[in-house]
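**Student:** fold the following for me, if possible:
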Amino acid sequence: MIKFIHLLISVTFLGFQIAGYYYVVASLKQSSPSLVLYTLKNTLLIDIASFIFIVGIFTSCAFLVMQSTDFSFTIPWVAAACFSLSLVTLLWALNVTLRWINFMRLKKSNNFKVKYVKGLHITYCSIIVLLILVVRDAVMKSTPFI
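**Tutor:** Residues are numbered from 1 along each chain as shown. Model prediction:
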């Protein structure tokens, strides 16, 4: 049951990141300050759920390792998955910070200039790639990184 919950939370978190990335990029292409402001506000609200999912992923990972004889932190792909999840958490926090900065700037002024667009692209893409690599490592039960 814990494995199912872990997978469900992880896949939902991945889906939130992909949807959030598309939502932000699509609104930036529209060149509408009100749309970008609305998008940033909604993606920041979605990040509240994402934070709960990150805590849930770490918690279910710990339960899986403690309760199972098949998993331990000495297994290379499990260690790589935990390390990758830690990187994802840091990148997610950076991404939230960049969107918060832009949200506050757009809210205070009518200046449409969105800053740190490359940073948003890099953090979103890195999060998505790392999560896909974790899924790949879990399915293959091996990792090319350690």
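**Student:** residues contacting the residue nearest to Ser142 when sequence neighbours are not counted?
**Tutor:** Spatial nearest neighbour of Ser142, excluding adjacent residues (C-beta to C-beta, 6 or more residues apart in numbering): Trp77 at 5.6 Å. C-beta coordinates here come from the backbone N, C-alpha and C atoms, glycine included. Counting by C-beta atoms under 8 Å, 6 or more residues apart in numbering, Trp77 touches Asp137, Ala138, Met140, Lys141, Ser142, Thr143, Ile146.
**Student:** any idea how far the lengthiest helix in the chain is from the middle of the chain?
**Tutor:** Counting residues, the longest helix found in the chain (DSSP state H) is helix 33-67. Chain-centre distance of helix 33-67: 7 Å, with C-alpha atoms, centre = their mean, to the nearest Å.
**Student:** next: stretch 21-30.
**Tutor:** Centroid separation for stretch 21-30 versus its chain: 17 Å, with C-alpha atoms, centre = their mean.
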